[in-house]
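Enquirer: Provided below are the primary sequence and the corresponding predicted coordinates.
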Amino acid sequence: MSTQTQYKDLEPDETYAFKPEDLEEGEMILNMGPQHPSTHGVLRIELKTDGEVVNDARPHIGYLHRNFEKHAENIDYQGVIPFTDRMDYVGSMANSLSYAVAVEKLMGIELNERVECIRVIVSELQRIASHLLAIGTYGLDIGAFTPFLHSFVEREKILDLFEWLCGARLLYNYNWVGGVSHDLPEGWTGRAKVFLDQFSPVIEELDELLSHNKIFTARTATVGIIPPELAVGYALTGPNLRGSGIKWDIRKEDPYCGYEKYDFDVPVGQGRYGPIGSCWDRYYVRVDEMRQSVRILRQALDQLPAEGDVHESVPKRVKPKPGEAYGRTEAPRGELGFYVISDGSLIPMRVKGRSPCFVAMSIFHEIAKGEMLADMIAIIGSLDIVLGEIDR
Amino acid sequence: MALKRPALEATISNALSALVVGGAAGAVVVIALIPMIAGLIRDGLAARLTPTMTSVASIAIGVGATVFLITQLPIFLIWLERKIAAHIQDRLGPMRVGWHGVLQSFADGLKLLFKEDIIVDGADKFLFKLAPFLTIMGAFAAFAVLPWGEGLVISNLNIGLLYAIAITSLGAIGILMAGWASNNKYALYGGMRSAAQMVSYEIPTAIVILSVVVQVGSLNLSDVIAAQQGGVGGVTNWFIFRLYGLNVIGFILFFICGLAETNRNPFDIPEAESELVAGFHTEYSGMRFAFFFLAEYGAMFFVAALTAVLFLGGWSGPFFSGPLVLFVKTLALVFVQMWLRWTLPRLRVDQLMALCWKYLIPISFVVLIAAAIDGVVGS
């Protein structure tokens, strides 16, 4: 009985949540979530509203907490990879890649060129799939149903490619420490090229259908403004940072997997329909990034070395010397990093994930104040959060 | 790939599909023949009954026929909307229940009928129960003044247009009531948004209707149609082609306001799914929910029919006239409504107000004043 009371005393929500005495005349607390169609998972946001205007917002996270980091301290190095897949479950390839890069750094493993090229191919395909989901659901949030299904058709084709590659459609367990689980099947690259040829015009179609729609720009181009200083101050990364006009991409700044060999641009927010750093800018950076990903993919598929064993560098036993390493990659949602400490045994001493979505969520209350209720949905959608990664 | 169905189920499904498709085809024939049938019935009644009883009986038959039509219509429209949405979105839509899913709406209706009727604890029970009836009443009572053909109108009211504006507003009251009585914050938001939307959109609607009334000189819907008959090919006298093209603007305004009045995208903010969960009907289930749904489709059809009557000549057509002409025109407009819904995103509530007060109302006044000046100069 007493333990229960103690637990209740410690519950952080008690001090964090809005209290009735905080409210001013005419204000109301609106609980958005954890079960709400547009919070992109089990996110709960408390809103202090005055009619349609939101005066204050407090996100409550933790509904999807699955103890990833503690699990990682109790399982061998390769065994952590399926857990990383389940962090950002719509960008699994990027998660396991980031973890693999960190452990490889810790062990000093060098990869052959074919493995690096395959990793670039799958992570760029994953970026397109993830951005398609982000763009589609963003349209859905703003009220346009049709782009959602059209983008899902394309995403499905990428998932088919992944299924052919490794048997799984969502959680791949593909990037291993020191290699990848399966080599590309025969004919896979040809099919991937066919997909790219068919996909490039679809981006322009999506643009016509949604991006430059008058209602869509009116809904998104003037809300949720993140000025560049604020974005840097909150350590935003990925499309959310680039939407504010700052050119920062791990693929350029700290290349991994041989990204320096590919020719591509880093799209940034232009403030085309309103101030720089609006929801529309963040949305459109994603659209542009899909175009760039197609460029990278074309180069990678052409340059793919014919020779090379994908299991060449996979260690029999992953047993790094005592030490620590931080590996980071440009995941679809920003800088995803893993900080791994080894004590020389077969299991990691500590694995810490640096989640871009968690960082993006922390800025929410800053940009939500003073906007309207409908804008909350637009802002959450434009930050493109995945709760699996926030809560881990 | 296709799952093999049990023979009995397949037989029943095929038979029912044939029945529904045949029924729909039969309905089209009946609608086309309505003037003749109505004439026969009227003559038959007049031969047997006193004049007073004849008019009472013919009104009763008219009401019965209309009620039958408007209760079956939403079932058809819901199926149509799902098919249209599906094809716009590159999918097939309902395919399993009957031929191309024609029985889907019946199956859904049956499901809703058997669902538990939940009234939440904190709800205002009386208002909660009353709201769906008010909404469906507002949507369906409006059909009373809709003329389907020469003399084919349940109630040939002198102030038909005024009645139509007034009675369709009842739906908004039902929605507001539902939002309040549910004792749910999302439902309350939906209700308040609906009220705000109604006050805004009734004004341009009424002004555009007034511009037509000025050109006709009567509030009677039958007179509105009579004024549009004749012309080259029976088409050029439609109001949409008159007043130096200004009526085209009026037509578009009226159509936009109609979308707002029936809470259709891009103005579906009272039930904005991604913001307010389900808006005013969040707490409703079973048949009470179905009533809101039916009311929406009934109102959609009525607004489209009213647009056809005001601007597209109603039941008078280029080759032949009658209920079928109005039906086809209305369905074409309903199709446009559905098309827009599956294409456009949703406006925000303040943008909706801005659109209405800053653009639609001034433009509708221009049309009204032009119609008035034209009337004065013309006479």
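Expert: That came through, no problem.

Enquirer: chain B contacts on the stretch 51-200 of chain A?
Expert: Proximity of the stretch 51-200 of chain A to chain B (C-beta under 8 Å from any C-beta of the partner chain) is limited to residues A:51-52, A:139-146, A:149-150, A:153. The C-beta positions use only the backbone N, C-alpha and C, and glycine is treated the same way.

Enquirer: okay, and which of those map to helices?
Expert: Within these, residues falling in helices by DSSP state H are A:Gly139, A:Leu140, A:Asp141, A:Ile142, A:Thr146, A:Leu149, A:His150, A:Val153.

Enquirer: just give the nearest non-adjacent residue to the last one, would you?
Expert: The spatial neighbour of A:Val153 that comes closest, neighbours along the chain excluded (C-beta to C-beta, 6 or more residues apart in numbering or on different chains), is B:Asp90 at 6.2 Å.

Enquirer: OK, contacts around the one you found?
Expert: B:Asp90 makes contact with A:Leu149, A:His150, A:Val153, according to C-beta atoms under 8 Å, 6 or more residues apart in numbering or on different chains.

Enquirer: out of those residues, who's the most crowded?
Expert: The residue in these with the most neighbours, by other C-beta atoms under 10 Å in any protein chain shown, is A:His150 (21 neighbours).

Enquirer: tell me the phi and psi of the single nearest residue of the stretch 251-379 of chain B relative to chain A?
Expert: With C-beta to the nearest C-beta, the shortest gap between the stretch 251-379 of chain B and chain A falls at B:Arg346, namely 2.7 Å. Backbone torsions for B:Arg346, taken as degrees, to the nearest 10, come to phi -100, psi 140.

Enquirer: equivalent analysis for A:Met372, please.
Expert: Per-residue torsions, A:Met372: phi -100, psi 170 (degrees, to the nearest 10).

Enquirer: one step back: so the residue nearest to A:Val153 is in which element?
Expert: B:Asp90 is located outside every helix and strand, with elements delineated by DSSP states H and E.

Enquirer: low pLDDT regions in the stretch 1-150 of chain A?
Expert: Within the stretch 1-150 of chain A, the segments meeting pLDDT under 70 span A:1-15.

Enquirer: can you give me the strands in it?
Expert: A:28-32, A:44-50, A:53-60 (DSSP state E, counting those that start in this stretch).

Enquirer: got a list of what the residue lying closest to A:Trp248 once chain neighbours are set aside touches?
Expert: Distance criterion C-beta to C-beta, 6+ apart; nearest residue to A:Trp248, sequence neighbours excluded, is A:Leu241 at 5.7 Å. Contact partners of A:Leu241, counting by C-beta under 8 Å, 6+ apart, are A:Ala231, A:Val232, A:Trp248, A:Gly334.

Enquirer: how near is A:Leu241 to chain B?
Expert: From A:Leu241 across to chain B, the span is 26 Å (C-beta to the nearest C-beta, to the nearest Å).

Enquirer: tell me the secondary structure at that residue.
Expert: Following DSSP: H, G, I helix; E, B strand; the rest coil, A:Leu241 is assigned to helix.

Enquirer: what's the farthest-apart pair in the contacts of A:Leu241?
Expert: Spanning the widest gap among these are A:Val232 and A:Gly334, at 13.0 Å by C-beta to C-beta.

Enquirer: would you turn the contacts of A:Leu241 into TSV with pLDDT, secondary structure and distance to B:Met137?
Expert: Below are the contacts of A:Leu241 laid out as TSV (pLDDT from 0 to 100; DSSP: H, G, I helix; E, B strand; the rest coil; distance: C-beta to C-beta, whole Å):
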residue	pLDDT	secondary structure	distance to B:Met137
A:Ala231	90	helix	53
A:Val232	90	helix	58
A:Trp248	89	coil	60
A:Gly334	88	strand	54
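
Enquirer: among those residues, which ones are buried?
Expert: Listed as buried from those are A:Ala231, A:Trp248, A:Gly334; burial here means 16 or more other C-beta atoms under 10 Å in any protein chain shown.

Enquirer: is it true that the first one touches A:Ile246?
Expert: Spelled out, it's A:Ala231. Yes: the criterion here is C-beta atoms under 8 Å, and A:Ala231 meets it with A:Ile246 at 6.5 Å.
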